[in-house]
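**Student:** Any chance you could fold what I've pasted below:
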Amino acid sequence: MAWWPKRGGQTKERDPGAGRTDVRVRMGLPTQRQPEAPEILIEQVDMKRLGAALDRLEIRYLTDGDGSLLAMWERHAVLFTLEGPDDEILVIRARPHGTVPPDWADRAYRVVNEWNHTRRFCKAYIGDPTERGQLPIYAEMQVPLISGVHDALLVELIDCAAAVAVAFVDWLHDEGGLL
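**Tutor:** The predicted structure is shown next:
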């Protein structure tokens, strides 16, 4: 039996459905399935989850008086915290231990602007003078996470920011020539 009616001249074989107008072709269509997605739990970010992500990356940290997490490296420190009205903004702020004297302010602004024009992550800025009148330099990444995030993405964001913080400080000491 043919799946579709044959047209004249295609073949000389006898078509059992020839001359019948009530022949219908019924094809079974497969049922569409939704692909099974791995179970990904998306939750609000809190300081406990932030600490767990740092632990997963083996980044040692301290907790400051405000509950923020502070990781220390040889030439810089990185603050991991949540800000915003509902603590929905992940803020990762790096600060080199070295500071700039006030008479280097113009040079510092030029160097920071160069970083910002040539880099995508962690925007740099000059902070307010310290008690000793020195200018601190910062690089910061802010990510709004009001919709929540799954653990793997949180770890990836933290890992990226920590790596860029190291690159920023190295750049300030080498190419930037500021520290």
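**Student:** Now do the strands in the protein.
**Tutor:** Assigned strands in the chain, in chain order: 62-63, 69-72, 76-83, 89-96, 123-126, 137-144 (criterion: DSSP state E).
**Student:** Could you dump those into a markdown table with mean neighbour count and mean pLDDT added?
**Tutor:** (Glycine included, C-beta is placed from N, CA and C.) Below are these laid out as a markdown table (neighbours: other C-beta atoms under 10 Å; pLDDT from 0 to 100):
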| stretch | mean neighbour count | mean pLDDT |
| --- | --- | --- |
| strand 62-63 | 10 | 96 |
| strand 69-72 | 17 | 97 |
| strand 76-83 | 20 | 98 |
| strand 89-96 | 21 | 98 |
| strand 123-126 | 17 | 97 |
| strand 137-144 | 19 | 97 |
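**Student:** and of those strands, who's closest to Val166?
**Tutor:** strand 76-83 (7.6 Å; C-beta to C-beta).
**Student:** Helices along this protein, start to end?
**Tutor:** With DSSP state H as the criterion, the chain has helices at 47-56, 105-118, 151-173.
**Student:** Pick the most buried one from these.
**Tutor:** Mean neighbour count (mean count of other C-beta atoms under 10 Å) peaks for helix 151-173 among those, with a mean of 18.
**Student:** Which residue lies closest in space to the residue most central in space within the chain, excluding its sequence neighbours?
**Tutor:** Nearest to the geometric centre of the chain sits Leu157, at 4.1 Å (C-alpha atoms, centre = their mean). Leaving aside its chain neighbours, Leu157 sits nearest to Val143 (6.0 Å; criterion: C-beta to C-beta, 6 or more residues apart in numbering).
**Student:** Make sure the one you found is actually in contact with Glu83.
**Tutor:** No - using C-beta atoms under 8 Å, Val143 is not in contact with Glu83; the gap is 10.8 Å.
**Student:** what do the two both touch?
**Tutor:** Ile89 (C-beta atoms under 8 Å, 6 or more residues apart in numbering).
**Student:** so which of the helices of the chain gets nearest Pro35?
**Tutor:** Closest among those, once you apply C-beta to C-beta, is helix 151-173, at 18.7 Å.
**Student:** contacts for that closest one?
**Tutor:** By C-beta under 8 Å, 6+ apart, helix 151-173 touches 40-41, 45, 49-50, 52-54, 56-57, 59, 71, 73, 75-76, 78, 80, 90, 92, 94, 96, 98, 111, 115, 119, 121-122, 124, 137, 139, 141, 143, 149, 178-179.
**Student:** What of stretch 60-68?
**Tutor:** Here stretch 60-68 has contacts from 47, 51, 54, 69-72, 79-81, using C-beta under 8 Å, 6+ apart.
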